Structures are given as C-alpha cells and as structure tokens.
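Enquirer: quick one, structure for this:
(chains A and B)
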2 protein chains.
Amino acid sequence: MSYSTDPRATRSREAMLVAARELLVSEGPGAITHQRVAQQAGVGRATAYRHWPRAEQLLLDAMGGTDLPLFRDPEAPVRPWLRRQLRQLADELAVPAVAAVAVTLAQSAMWDPEIAHQQDESTRTIAERIHAAIELAVEGGELATTAGAADVAALLVGPIVYRTAMQRGDVSDALIDRLVDSVGTWHR
Amino acid sequence: MSYSTDPRATRSREAMLVAARELLVSEGPGAITHQRVAQQAGVGRATAYRHWPRAEQLLLDAMGGTDLPLFRDPEAPVRPWLRRQLRQLADELAVPAVAAVAVTLAQSAMWDPEIAHQQDESTRTIAERIHAAIELAVEGGELATTAGAADVAALLVGPIVYRTAMQRGDVSDALIDRLVDSVGTWHR
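Expert: Numbers count the residues shown, from 1 in each chain, chains lettered A, B, ... in the order given. Predicted coordinates:
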C-alpha cells in the first residue's frame, strides 16, 4: 500500500501499534478502538481508520505484531542452544505485553477464523523450528527421542506458557532443564 | 441470598449460566450482556440483573463456574491414576466451552484483579492436588523426584493446555505418558 513508503505514515503506524499494545496490556482488547489508539499515539482518528479500516484488523496487528526470532537457526551442541532459547522465551513471556498477546491470540482464535489461522501459523512455525533443532541433535548423536514435532513443542513450550500466563510466576533455570530432559534421552 | 432457595429462581439462574457459556464459546466475552444472556435463556432481562447486578459478575460466573473434581483424592498406584486424570483433563479441554473458559480466565486475569484472584486460586488448587498425588507416589516408593509442586503442575498441565488451546489439536495417550515420565523416575 502506498502509505508504507511514506516515512511519516510509517512512523504514525508504528506509534499506533505501540499504543495499541499498551492498551491491550493495561485494559484488554476492548480498549483497542480507533479513537483510543489514535489518542494514545497522538495522531488523528482518521489516520487510524486509514491504516485499519476495521477495528479487528487493528486488534489483529496489535496482537500478532511480534514475529519471534525464537528457535530459529539451531546450533550444535543443541542442548545448551535449546536451553538459551527456552530461557529467552520465558523472559519474553514474563513481560505482560507478550503474555497478553499470546493469551489473547489463543482466546480470540476460538471464535475468529482469521485469528485462528494466524494462531495456527504461529504454533506450526514454532513446532517446525524446534523440530529442526531436535533433528540436528538426533543426527549429531546428542539425543535419542521418538517424540513427534508437535509433541516436542508442547512439552517444551506448554509448561512455560502455563507458568507465565496461568500460574503467573517465574520460570526457573531448573524448570527449563526439566523441560529439555522431558523430550528424550540426551547423550552429552 | 433468598432467591437461591426458590426452585424457579435456581432454574432460571442455571439456564442463564448455560446460555452465558454458550455465548462465551460462540461469540466471546463481548457477547455476555444481560440482554443477550436473558434472551438466549428465555427469561426477562430484569431477572438477569437481579442475579448479577453487574455484567462482570455474570461473566466471571460464566467463566469460572466449573469446579473441576480433577486431581482430587489420589489413589495408589499413582501412575495409572495420574494418567487417567490427565486423560480426563485433556478430554475436557477438547470441549471448546471448557478451553474458552480456561483461556478467557487467563486473559482476563491480566487486567482484572478479581479474575486474577480466581485464576490464582484455581491454579494453586490444581498444583496442591497434584502435589498430594506426587507425595503419595514418593511415599509409596513409586516415584523419585526433586521437582516442586508448582513445577510438577506446569510439566503435567502446561503441555495439555498448549496442545488443546494453542496448537488446537488432540492429546494422544503417548503424549500423556511422556508428561507422566517428565516429573521424575517411576519405579513400577
């Protein structure tokens, strides 16, 4: 779209997304209206409507705007790499904004097909990246496992999401070690 | 409250809660208004206001209305008992209404202190019940583990919540076996 090449439009779009994520965390998805977001970002309401004609589009962008570099480009030895990635995931989910995005996506996916699609893409990407790391570990003789890609992702990511978003507590390094151990037998 | 002893009031309250949970699943928390819930339940709007003067109370009851008997009263041998309980949890969360309640609670807890309290109570109860089962297994020589109560709950429940609510897929018996194995070393 033409506005994306205009630096001023790009700046106001970014300011509105920051504002929308702040409102999402402090007041929930109900606060993501054109008026509130424009006000908080210090732009006119018409600008918000120009970027997102429908409020759901704005909410979707505010919720799904974070493309995580997490679990990308695995390195051998995989075990310490995996622990670092899980530590980073836990630290990111400890930020209320990120946990809110994750949980709001899961909640909205239950009745919004567009968000459901985004949620499916997101969890599939995570599972594929983790699977590539697990394959690297198995090929290198570091790990023996029979768990499938989706199960490994659930075993590694599930407890971190549960601890941060549902138990609302911190993830210790000891818990991360347990997660890594739960996917199979590590040989080094 | 006096209305709770009136069978007719009890019936209409139950009908409204069923209606509210249906709306919660099909349209999300935004649909939980006195008018919509009363209409769907076939009662007058004034009846809804009499039971829940504020809309948040109605939403909270609709979301948190399920007291799970799950993980209560552990039995030895603990391992098969635990597998049955996790199977039941997975089957319950496979019902969209239940997954919606769990995820909506987690989401709303992020900005509503009352719901945060309810969420904390709920996850603490689950962790305490699971801990009692783990203690029984350790005392009976069935299990050796150094994991704390909250970690065990995260290891067992987290992947099931992630699979059902975020990956939006089924929990296999093989995954449940992996979860049980992840909490420590089982001796029988």
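
Enquirer: mind giving me the domain split of chain A?
Expert: Per automatic domain parsing, the structural domains of chain A span A:3-54, A:78-186.

Enquirer: packed most tightly, which of the ones you listed would that be?
Expert: Across those, averaging neighbours per residue (mean count of other CB atoms under 10 Å in any protein chain shown) puts domain A:78-186 on top, at a mean of 19. The way it works is simple: take the backbone N, C-alpha and C, and place the C-beta from them, glycine included.

Enquirer: mind checking if the top helix by length along chain A is in reach of chain B?
Expert: If you go by DSSP state H, chain A has its longest helix at helix A:113-139. Yes. Part of helix A:113-139 sits near chain B under the criterion CB under 8 Å from any CB of the partner chain, namely A:116, A:119, A:120, A:123, A:127.

Enquirer: turn those into CSV, columns for pLDDT.
Expert: Converted to CSV, the residues of helix A:113-139 next to chain B look like this (pLDDT from 0 to 100):
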residue, pLDDT
A:116, 88
A:119, 86
A:120, 90
A:123, 91
A:127, 95
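
Enquirer: any idea which helix or strand in chain A has the lowest mean pLDDT?
Expert: Ranking every helix and strand in chain A by mean pLDDT, DSSP states H and E puts helix A:55-64 at the bottom, with a mean of 76.

Enquirer: what sits up against the helix or strand following that helix?
Expert: With elements assigned by DSSP states H and E, the helix or strand that comes after helix A:55-64 is helix A:78-93. The list of residues contacting helix A:78-93 from outside it, by CB atoms under 8 Å, 6 or more residues apart in numbering or on different chains, reads A:68, A:70-71, A:74-75, A:98-99, A:102, A:133-134, A:136-137, A:140, A:142-143, A:156-157, A:160-161, A:163-165, A:170-171, A:173, A:176-177, A:179-180, A:186, A:188.

Enquirer: and with 7 Å instead?
Expert: Helix A:78-93 is touched from outside by A:70-71, A:74-75, A:98-99, A:102, A:133, A:136-137, A:142-143, A:156-157, A:160-161, A:164-165, A:171, A:176, A:179-180, A:186, with contacts defined as CB atoms under 7 Å, 6 or more residues apart in numbering or on different chains.

Enquirer: likewise stretch A:12-25?
Expert: The contact list for stretch A:12-25 (CB under 7 Å, 6+ apart) reads A:31-32, A:36-38, A:40-43, A:47-48, A:51, A:58, A:61-63, A:65, A:96-97, A:100, A:104.

Enquirer: on that earlier part again, is any part of the least confident helix or strand of chain A close to chain B?
Expert: No. Applying CB under 7 Å from any CB of the partner chain, one finds helix A:55-64 out of contact with chain B, separated by at least 10.9 Å.

Enquirer: buried stuff in that helix?
Expert: By neighbour count on 16 or more other CB atoms under 10 Å in any protein chain shown, the buried set for helix A:55-64 is A:55, A:58, A:59, A:60, A:61, A:62, A:63, A:64.

Enquirer: mind listing what residue A:167 touches?
Expert: Listed by CB under 7 Å, 6+ apart, the contact set of residue A:167 reads B:123, B:150, B:154.

Enquirer: redo that, cut-off 8 Å
Expert: Residue A:167 sits next to B:123, B:127, B:150, B:153, B:154 when contact means CB under 8 Å, 6+ apart.

Enquirer: likewise for residue A:165?
Expert: Applying CB under 8 Å, 6+ apart, we find residue A:165 in contact with A:93, A:99, A:102, A:103, B:106.

Enquirer: how about 6 Å then?
Expert: Contact analysis of residue A:165 by CB atoms under 6 Å, 6 or more residues apart in numbering or on different chains lists A:99, A:103, B:106.

Enquirer: next, format those residues as TSV and append pLDDT and secondary structure.
Expert: Below are these laid out as TSV (pLDDT from 0 to 100; DSSP: H, G, I helix; E, B strand; the rest coil):
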residue	pLDDT	secondary structure
A:99	81	helix
A:103	84	helix
B:106	86	helix
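
Enquirer: what would the residues you listed look like in TSV with distance to residue B:24?
Expert: Formatted as TSV, the contacts of residue A:165 follow (distance: CB to CB, whole Å):
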residue	distance to residue B:24
A:99	21
A:103	15
B:106	14
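
Enquirer: so residue A:147: helix, strand or coil?
Expert: coil (DSSP: H, G, I helix; E, B strand; the rest coil).

Enquirer: how about it, nearest residue that isn't a chain neighbour?
Expert: Excluding its sequence neighbours, the residue lying closest to residue A:147 (CB to CB, 6 or more residues apart in numbering or on different chains) is residue A:183, at 5.8 Å.

Enquirer: ramachandran angles for that neighbour?
Expert: In terms of degrees, to the nearest 10, the main-chain angles of residue A:183 are phi -90, psi -10.

Enquirer: hmm, it is touching residue A:152, no?
Expert: Yes. Residue A:183 lies in contact with residue A:152 (CB atoms under 6 Å); the separation is 5.1 Å.
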